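Enquirer: Sharing a model prediction with you, sequence too.
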Amino acid sequence: MDYRWDFSPVWRNWPALAEGVGVTVALSMASILLGLILAGLLTVLRKSSVPPAVWVARGLIEVFRDLPVLVVLVWLFYCLPIFVGNEIRPSPFLVAVLGLGLNFAALQAEIFRSGVEAIPEREIEVARTLGFSRWQITRYIIIPQAVWRTLAPTLGQAVNTMKLSSLASFISVGELFHATTFLIQDTYRPLEFYTVLAALYLVIIMPLAITIQRLEHRLEMRFASD
């Protein structure tokens, strides 16, 4: 069958798509920020000398790393109101931020752990010999090196979270995929809208992907020369 492409419905509904892009970016940024904060807390707990804190951190990391993100989002969407009460029912957007943030945190905590463990032990031993306190070692040696060593993987995880943000459409968050689905139902032009949807995701994600590749190359050269 000879299909006739018609992108005029896409151009007529461009404001709705632009709004979806805005929601996608806001959702991704909020989830990444929450995930970074939680990942930092989980990393501190995991390195704690208190066994219950270590067990809690490891348990949370394992649970939210293993569970599919869609399962987490749907579970939070239906079960969170039971715990907080229907009077203060969280919006789908906040539920999505929490679900995506928990997934990001679990994976990012592992990235932080590997970054800290990659720091040569001899540098820490030298700092101790010079009389550095535990806080000074953490501030001047561990944190700066861990940040550099985990920067590229962190950006990669951020890109992955932006991709996963499309799953928020299943709990009625008006992000890009959700907006596109509604426009397809109104116009009956799925091929045109899905083509533009793919192009918009590439516009959002490809610059970050290129940045990550260049950053990885620079970091490889930097650590190879150390």
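Expert: All right, it came through fine.
Enquirer: Only C-alpha atoms from now on, for both contacts and neighbour counts.
Expert: Fine.
Enquirer: chain center to the helix or strand containing residue 150, what's the gap?
Expert: Secondary structure from DSSP states H and E places residue 150 in helix 143-164. Helix 143-164 has its C-alpha centroid displaced from the chain centroid by 9 Å (C-alpha atoms, centre = their mean, to the nearest Å).
Enquirer: what's the spacing between the following helix or strand past it and its chain's center?
Expert: Using DSSP H and E, the helix or strand that follows helix 143-164 towards the C-terminus is helix 176-187. With C-alpha atoms, centre = their mean as the basis, helix 176-187 stands 24 Å off its chain's centre.
Enquirer: Flag every buried residue along stretch 146-162.
Expert: Using 16 or more other C-alpha atoms under 10 Å as the test for burial, stretch 146-162 gives 146, 149-159, 161-162.
Enquirer: now swap in stretch 29-48 and tell me
Expert: So, applying 16+ other C-alpha under 10 Å, buried residues of stretch 29-48: 29-36, 38-40, 42-46.
Enquirer: pLDDT below threshold where in this structure?
Expert: Confidence mapping of the chain against pLDDT under 70 gives the ranges 1, 86-87, 219-226.
Enquirer: how about 90 then?
Expert: Along the chain, the parts satisfying pLDDT under 90 run over 1-4, 44, 46-50, 80-90, 113-153, 155, 207-226.
Enquirer: Helices of that one, start to end?
Expert: Secondary structure of the chain (DSSP state H): helices at 8-12, 14-46, 51-66, 69-84, 92-117, 121-129, 134-137, 143-164, 176-187, 190-224.
Enquirer: if you compare the ones you listed, which one is most tucked away?
Expert: Mean neighbour counts were compared across the helices of the chain using mean count of other C-alpha atoms under 10 Å; the top stretch is helix 92-117, at a mean of 23.
Enquirer: what's that helix packed up against?
Expert: On a contact count with 3 or more C-alpha pairs under 8 Å, 6 or more residues apart in numbering; DSSP states H and E, helix 92-117 meets helix 14-46, helix 51-66, helix 69-84, helix 143-164.
Enquirer: what sits against the closest residue in space to residue 145 that isn't next to it in sequence?
Expert: Of all residues not flanking residue 145 in the chain, residue 119 sits nearest, at 7.0 Å (C-alpha to C-alpha, 6 or more residues apart in numbering). By C-alpha atoms under 8 Å, 6 or more residues apart in numbering, the residues touching residue 119 are 142, 145-146.
Enquirer: next one: residue 6
Expert: Residue 6 neighbours (C-alpha under 8 Å, 6+ apart): 189, 192.
Enquirer: With residue 207 as the reference, measure out to it.
Expert: From residue 6 over to residue 207 the distance is 28 Å, taken as C-alpha to C-alpha, to the nearest Å.
Enquirer: tell me which of the contacts of residue 119 is nearest to residue 12?
Expert: Checking these against residue 12 with C-alpha to C-alpha, the nearest one is residue 146 at 48.0 Å.
Enquirer: Hmm, that closest one is touching residue 111, no?
Expert: No. Using C-alpha atoms under 8 Å, residue 146 is not in contact with residue 111; the gap is 9.4 Å.
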